[in-house]
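**Student:** could you work out the structure for the sequence below:
(2 chains)
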Amino acid sequence: EAGVVQSPRYKIIEKKQPVAFWCNPISGHNTLYWYRQNLGQGPELLIRYENEEAVDDSQLPKDRFSAERLKGVDSTLKIQPAELGDSAVYLCASSPKRTSYEQYFGPGTRLTVT
Amino acid sequence: DAKTTQPNSMESNEEEPVHLPCNHSTISGTDYIHWYRQLPSQGPEYVIHGLTSNVNNRMASLAIAEDRKSSTLILHRATLRDAAVYYCILRDRWGTGNQFYFGTGTSLTVIP
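**Tutor:** Numbers count the residues shown, from 1 in each chain, chains lettered A, B, ... in the order given. The predicted structure follows:
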């Protein structure tokens, strides 16, 4: 079984530029999560999807961050414009359903904003 | 969501048991205790979870205090591949609220 796929693995951009991250969850997983992990910290939830519906986006900075999950499968997280403080690892995770005890994480995208 | 407290770092000798503590004094009756670990340059991975009773799986054991205000993850024989950051997380059984609050975890160093 293929795991959660994320791309790109690394991205370096200048501040004020846009950037997008892509996630392909495990087949059949209805719940999808985006996390941000700052250096030396644990992951912090940005947004959670149940199928194509965003059901928890309270931690998403909506002035510059946006996300979508078309057809309830793949998801894209976008930042526009990027700021220096957005440098972090962006992790995608999926689980069969909201109450599943296990989340499966992708390898993450390391973003560096210069 | 209730939060957890873990030591920032621990060391263990290879092939010896490791006991990773976690305090969760404000745990509610419906909170499950989850443990995840994150190896360098990888996403977190599930280790084990439990509600009230001690749990064992192929990776580790989870010992839960009778009052559920603390728990201990036990690695029976640490290997170099167990060097990682270990997160103790509380999650409501209905999956509501912030799904996982990871905190800063415990960085485990395994000494050859």
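
**Student:** direction included, what does the worst-scoring helix or strand of chain B on mean pLDDT pair up with?
**Tutor:** For chain B, using mean pLDDT, DSSP states H and E, the weakest element among its helices and strands is strand B:84-92, scoring a mean of 92. Strand pairing for strand B:84-92, using DSSP bridges, gives strand B:31-38 (antiparallel), strand B:106-111 (antiparallel).

**Student:** check those strands for me and report the most buried one.
**Tutor:** strand B:31-38 (a mean of 22; mean count of other Cβ atoms under 10 Å in any protein chain shown). In this view, the C-beta of every residue, glycine as well, is placed from N, C-alpha and C.

**Student:** who touches that one?
**Tutor:** Residues outside strand B:31-38 that contact it (Cβ atoms under 8 Å, 6 or more residues apart in numbering or on different chains) are A:101, B:2, B:20, B:22, B:24, B:27, B:44-51, B:60, B:62, B:64, B:68, B:71, B:73, B:82, B:84-93, B:100, B:102, B:105.

**Student:** emit the PyMOL select command for whichever of these are buried.
**Tutor:** Typed into PyMOL, the line below selects the buried ones among those, using 16 or more other Cβ atoms under 10 Å in any protein chain shown:
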select buried, chain B and resi 20+22+24+27+44+46+47+48+49+50+60+62+64+68+71+73+82+84+85+86+87+88+89+90+91+92+100+102+105
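
**Student:** among the contacts of strand B:31-38, which are located in helices?
**Tutor:** Assigned to helices by DSSP state H, none of the contacts of strand B:31-38 qualify.

**Student:** residues in contact with the residue nearest to the spatial centre of chain A?
**Tutor:** Central residue check for chain A by Cα atoms, centre = their mean: the C-alpha nearest the mean position is that of residue A:34, 3.1 Å away. Residue A:34 makes contact with A:23, A:45, A:46, A:47, A:48, A:67, A:75, A:77, A:90, A:91, A:92, according to Cβ under 8 Å, 6+ apart.

**Student:** who wins for neighbours among the residues you listed?
**Tutor:** Within the contacts of residue A:34, most neighbours by other Cβ atoms under 10 Å in any protein chain shown means residue A:91, with 28 neighbours.

**Student:** and it, what element?
**Tutor:** According to DSSP states H and E, residue A:91 maps onto strand A:88-95.

**Student:** that strand pairs with which strands, and in what direction?
**Tutor:** Strand A:88-95 is paired, per DSSP bridges, with strand A:31-37 (antiparallel), strand A:104-105 (antiparallel), strand A:109-113 (antiparallel).

**Student:** including distance to residue A:6, could the ones you listed go into CSV?
**Tutor:** Output for these, formatted as CSV (distance: least, Cβ to Cβ, whole Å):
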stretch, distance to residue A:6
strand A:31-37, 10
strand A:104-105, 9
strand A:109-113, 6
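
**Student:** can you tell me which of those strands is nearest to residue A:97?
**Tutor:** For the strands paired with strand A:88-95, proximity to residue A:97 was assessed by Cβ to Cβ; strand A:31-37 is nearest, at 5.8 Å.

**Student:** pLDDT weak spots in chain B?
**Tutor:** Low-confidence segments of chain B (pLDDT under 70): B:1-2, B:93-99.
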